[in-house]
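Asks: Here is a sequence with its predicted model. Questions after.
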Amino acid sequence: MQITNVILSGGSGTRLWPLSRHSRPKQFLQLFENRSLFQHTMQRNAAFAQDFILVTNAQQAVMANAQAEELQITIAQTLIEPVGRNTAPAIALACLASHPDTILFITPSDQMIVADDLYRKAIERAATLAAQDYLVTFGIQPQHPDTGFGYIQADGENVSRFTEKPDLETAKSFLEAGNYYWNSGMFCFKASAFLAELEIHHPEMLAACKTAFAATVDGEIPLELMQAIPADSIDYAVMEQSDKVKVVPSEFHWTDLGSFDALVTYGLEHPEQHIVQVVEGCEQVYAISDQPVFASGLKNTIIVQTSDATLMLPLNESSRVKAVYNKVKADQPDLTK
């Protein structure tokens with residue numbers, strides 16, 4: 001069974017600023033055993049994927065191919081989007097670049113997953129369903145009521161509905177119900193199956209993608225044709241509309257490291273990776289820095305220090321970085337580039 005891992009790599013380096021920047025998004029930070037989330041994605045999926053397709057922008061393509069070379073893994077195709085149009089067009093372009101019968105395993109580039117038997121079995125089950133022309137998503141067994149993820153309600157492998165990020169009380173009710181899963185943002189299907197469903201549910205997007213792909217030169221999509229593609233996520237454009245959708249309920253260890261709170265939690269769980277310092281003389285104060293950090297009497301704080309900026313945030317409120325980033329971008333834009 002031919003499986004190609006399609007890696008989606010985007011983002012502008014806002015949620016983990018100042019560690020990440022526009023020129024250095026979080027998936028390329030080599031914080032995790034001296035490797036990046038992008039490299040970990042390639043490593044774990046190289047065990048079963050015969051090829052890799054990367055969909056990204058020109059700047060990230062350079063970083064991605066350099067980091068792939070460090071692993072001695074070849075990216076078969078790189079599709080360069082001059083402007084992002086969300087996940088549905090990115091995936092459609094990857095499908096157009098693939099043989100119709102190829103099974104595509106679509107993954108973000110910024111998640112940390114334990115590549116154990118649970119992961120392998122989930123991929124195998126998804127590929128089996130994909131071979132039957134289903135569009136497959138992966139539902140992660142929730143560990144706590146989280147308001148940062150979308151949820152999938154399911155009856156076995158049958159999807160009942162997709163829901164947006166809930167408030168806390170709703171998330172608690174999902175956990176109690178027992179048949180709601182975190183939406184992992186990972187998918188598996190034949191290239192032809194996805195394009196067939198896209199033609200049914202968003203034909204104008206498919207037509208625009210075909211036009212743009214036909215004009216692609218050396219993987220680079222012309223700006224004006226990319227801009228002409230309607231922007232939408234795969235969930236809205238296809239998955240929530242289609243009757244060909246299945247979910248694989250999954251129990252493998254999955255971490256979406258999209259915030260400093262998540263990064264601190266991961267770092268505390270993996271002290272051997274030396275990502276997070278526990279600041280002595282304080283109560284629940286954690287630092288992410290190449291230098292030793294000292295303080296006294298502080299409580300519930302995250303400190304992030306780089307060579308040119310220091311950020312301090314309340315613990316469990318790391319979303320406040322967005323407001324800080326916007327202020328820095330307005331006043332000192334060089335610090336965000």
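Replies: Done, it's in. Quick caveat: nothing in here was measured; it's all calculated off a predicted structure.
Asks: how many neighbours does the closest residue to residue 255 other than its chain neighbours have?
Replies: With C-beta to C-beta, 6 or more residues apart in numbering as the criterion, residue 255 has its nearest non-adjacent residue at 4.4 Å, and that residue is residue 112. Just so you know, the C-beta spots here come from the backbone N, C-alpha and C atoms, and that holds for glycine as well. If you count neighbours by other C-beta atoms under 10 Å, residue 112 ends up with 18.
Asks: Give the partner strands of the helix or strand containing residue 112 in its sheet and their orientations.
Replies: Assigned by DSSP states H and E, residue 112 belongs to strand 111-113. Paired neighbours of strand 111-113 in the sheet (DSSP bridges): strand 254-256 (antiparallel).
Asks: Give the full set of residues in contact with the spatially most central residue of the chain.
Replies: Closest residue to the average C-alpha location of the chain: residue 108 at 3.2 Å, with C-alpha atoms, centre = their mean. Under the criterion of C-beta atoms under 8 Å, 6 or more residues apart in numbering, the neighbours of residue 108 are 7, 8, 9, 27, 41, 185, 186.
Asks: Next up, the contacts around residue 245.
Replies: By C-beta under 8 Å, 6+ apart, the neighbours of residue 245 are 134, 135, 136, 137, 159, 239.
Asks: From residue 40, how far out is the first one?
Replies: Distance of residue 134 to residue 40, given as C-beta to C-beta, to the nearest Å: 28 Å.
Asks: Now do the helices in the chain.
Replies: 37-45, 58-70, 87-96, 117-130, 168-177, 191-201, 203-214, 223-227, 234, 260-269, 321-331 (DSSP state H).
Asks: could you redo those helices as a markdown table and give each row distance to residue 279?
Replies: Formatted as a markdown table, the helices of the chain follow (distance: least, C-beta to C-beta, whole Å):
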| stretch | distance to residue 279 |
| --- | --- |
| helix 37-45 | 25 |
| helix 58-70 | 31 |
| helix 87-96 | 38 |
| helix 117-130 | 34 |
| helix 168-177 | 28 |
| helix 191-201 | 48 |
| helix 203-214 | 49 |
| helix 223-227 | 46 |
| helix 234 | 41 |
| helix 260-269 | 12 |
| helix 321-331 | 19 |
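Asks: Of all the ones you listed, which one is nearest residue 52?
Replies: Of all the helices of the chain, helix 37-45 sits nearest to residue 52, with 6.7 Å by C-beta to C-beta.
Asks: then the closest one to CSV, C-alphas only?
Replies: Output of helix 37-45 as CSV, limited to C-alpha atoms (Å, rounded to 0.1, in the frame of the first residue of the first chain):
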residue,chain,number,x,y,z
LEU,A,37,9.0,19.2,15.6
PHE,A,38,9.3,19.1,11.8
GLN,A,39,12.2,16.7,12.1
HIS,A,40,10.3,14.5,14.6
THR,A,41,7.3,14.5,12.2
MET,A,42,9.5,13.2,9.4
GLN,A,43,11.3,10.7,11.5
ARG,A,44,8.2,9.0,12.9
ASN,A,45,6.4,8.9,9.6
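Asks: Nothing else from me, thank you.
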